[in-house]
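A.B. asks: quick one, structure for this:
(one chain, ligands or ions: 1)
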Amino acid sequence: MSDIKFQVHDMDIPEEPLALSVLTGFLGSGKTTLLKQLLQHPEMDETAVIVNEFGEIGLDHLLVESSQEDIVLMNSGCLCCTVRGDLVETIRKLYKKRLIKEVPAFKRLVIETTGLADPAPILQTLMTDPFLSERFRLDGVITTVDAVNGNSTLDNHPESVKQVAVADRLLITKTDMTEGKRDPDLLHRIKTLNPAAMIQEVSFGNVEPAVLFNAGLYNPETKSLDVQKWLKAEAFEETSHGHDHSHSHSHSHSHSHGHGHDTNHHHDVNRHDDKIHAFCLIHDRPIDWDQMNSWVDMLITLYGNNILRIKGILNIEGDQNPVVIHGVQHVFHPPVMLEGWPDEDHRSKLVFIVRDLKRDMFDETFRAFIKESADLH
Ligand SMILES: Nc1nc2c(ncn2[C@@H]2O[C@H](COP(=O)(O)OP(=O)(O)OP(=O)(O)O)[C@@H](O)[C@H]2O)c(=O)[nH]1
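C.D. replies: Next up, the predicted model:
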């Protein structure tokens, strides 16, 4: 065992888990430009950033108070750190340095992925690592999409489609370059891939940090769980009937089909985003917890690789208060029991973003696993 050099009273132990945001987006889509701009804001002064290749980040003019190994402290107060090898190891090391006050007590960590990264395994790792999942809470995924090249990138690179699909915040970058001739398909396309993410246009990374952060279930300002803002089930209800042509109409529902129907949509079956479906399942009656667990277990065992995100609020039989669930691929956060329902709508709602899976399979297996489920919408 290593020497214990520090006593507990020498340590700065955070009172609550630190916010963690993942910044992703295809090669050249403007992640570094955004980061560079963001780090100029005073609100970012308790932020640590981990980037893949530090050499790329042109932060020189913001630099440098001190530099130790691969960690750089900028005079704005932010920390920048390179990943040399394992991401989890880098985060652990940074956290430990914070603990023993070798680096300032940052409250937020932003990880910039490489442009080619598939973000789902990264999220999965961050959620499953026992050390990290206790000490950090995943605040959200920020994805940059290039206003000029975005469409062709989505056509040609499946990982860029995934980057859009798992985002909580989507930034359409380089809008200064479109000269008023915006590609009308791009916005529609990313909204269809990910109906709930907030979308904002930016040029040269010019955006307020507040727009990008606090995207998670926990709202640090109110110190409460803001499930409606996080789930945004209504966004899925609006779009899912419009674009999911595989959707079976065998069960009745009362939603309007008038809005969101997809007249502009490309019908090239080879498009990667045609493989991605976003939809919301709604169930009117309380659900048996064990049956729900078996259904989710079955889904993640058989189809985990293709389940990019599940979020849900559940009305569980025998519980007055709702339970919130959140999963990425094979991994689920521990369910959270809320202190009450956010409004008078006490139906269970589950939103899914999936790849190569049909909504019908979810409808049918839900019926098979959950008794009395004829009123699934
Ligand atoms: N005109 C214009 N150029 C931009 C904008 N954002 C980024 N760029 C340029 O686009 C190029 C790529 O931007 P980066 O910020 O390096 O993109 P990145 O996503 O970090 O790229 P990788 O690290 O290669 O994945 C650079 O030359 C930037 O100067 C913008 O809003 N407008």
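A.B. asks: any idea which residue sits dead centre in the chain?
C.D. replies: Note on the chain: the residue nearest the mean C-alpha position is residue 141, at 3.7 Å, using C-alpha atoms, centre = their mean.
A.B. asks: pretty sure it is in a helix, no?
C.D. replies: No: read with DSSP: H, G, I helix; E, B strand; the rest coil, residue 141 is strand and lies in no helix.
A.B. asks: tell me how far residue 202 lies from the ligand.
C.D. replies: Plainly put, residue 202 is 6 Å away from the ligand if you go by C-beta to the nearest ligand atom, to the nearest Å. Using the backbone N, CA and C atoms, a C-beta is placed for each residue, glycine as well.
A.B. asks: on that earlier part again, correct me, but the residue nearest to the centre of the chain touches residue 166?
C.D. replies: Yes: contact criterion C-beta atoms under 8 Å: residue 141 and residue 166 qualify, at 5.4 Å.
A.B. asks: and for the two, which residues touch both?
C.D. replies: Residues touching both residue 141 and residue 166 (C-beta atoms under 8 Å, 6 or more residues apart in numbering) are 119, 123.
A.B. asks: where do the helices sit along the stretch 101-250 of the chain?
C.D. replies: Under the criterion DSSP state H, counting those that start in this stretch, helices of the stretch 101-250 of the chain are mapped to 119-128, 130-135, 150-156, 158-165, 184-193, 209-212, 227-231, 233-243.
A.B. asks: can you list the residues of the protein near the ligand?
C.D. replies: Contact residues, the chain versus the ligand (C-beta under 6 Å from any ligand atom): 25, 27-33, 56, 115, 173-174, 176-177, 203-204.
A.B. asks: for stretch 92-107, buried residues please.
C.D. replies: Neighbour counts over stretch 92-107 (16 or more other C-beta atoms under 10 Å) mark 93-95, 97-99, 103-104, 106 as buried.
A.B. asks: tell me which two of those sit farthest apart.
C.D. replies: Within those, 93 and 104 form the most distant pair, 15.2 Å apart (C-beta to C-beta).
A.B. asks: what residue in the stretch 51-200 of the chain comes nearest to the ligand?
C.D. replies: The stretch 51-200 of the chain approaches the ligand most closely through residue 115 (3.1 Å), counting by C-beta to the nearest ligand atom.
A.B. asks: hmm, which helix or strand of the chain has the shakiest average pLDDT?
C.D. replies: strand 66-68 (a mean of 45; mean pLDDT, DSSP states H and E).
A.B. asks: so residue 351, which of the three states?
C.D. replies: Here residue 351 is recorded as strand under three-state DSSP.
A.B. asks: for it, what are its contacts?
C.D. replies: Applying C-beta under 8 Å, 6+ apart, the residues near residue 351 are 196, 231-233, 236, 278-280, 309-312.
A.B. asks: tabulate the helices of the stretch 101-250 of the chain (TSV), appending mean pLDDT, mean neighbour count and distance to residue 46.
C.D. replies: Formatted as TSV, those follow (pLDDT from 0 to 100; neighbours: other C-beta atoms under 10 Å; distance: least, C-beta to C-beta, whole Å):
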stretch	mean pLDDT	mean neighbour count	distance to residue 46
helix 119-128	83	20	20
helix 130-135	90	14	16
helix 150-156	89	18	32
helix 158-165	90	25	27
helix 184-193	89	19	31
helix 209-212	90	16	11
helix 227-231	74	18	23
helix 233-243	57	20	31
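A.B. asks: just send the ones you listed back as TSV, with distance to residue 361 too.
C.D. replies: Below are the helices of the stretch 101-250 of the chain laid out as TSV (distance: least, C-beta to C-beta, whole Å):
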stretch	distance to residue 361
helix 119-128	19
helix 130-135	29
helix 150-156	25
helix 158-165	18
helix 184-193	19
helix 209-212	34
helix 227-231	22
helix 233-243	15
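A.B. asks: pretty sure residue 178 contacts residue 148?
C.D. replies: Yes: counting by C-beta under 8 Å, residue 178 does reach residue 148; the two are 6.4 Å apart.
A.B. asks: between these two, who's got more neighbours?
C.D. replies: residue 148 (18 against 15; other C-beta atoms under 10 Å).
A.B. asks: so where is the protein shaky, pLDDT-wise?
C.D. replies: Along the chain, segments meeting pLDDT under 70 span 1-9, 52-85, 218, 220-225, 237-273, 372-377.
A.B. asks: max-length helix in it?
C.D. replies: helix 289-303 (DSSP state H).
A.B. asks: against which helices or strands is that one packed?
C.D. replies: Helix 289-303 sits against strand 307-314, strand 323-328, helix 359-369, with contacts defined as 3 or more C-beta pairs under 8 Å, 6 or more residues apart in numbering; DSSP states H and E.
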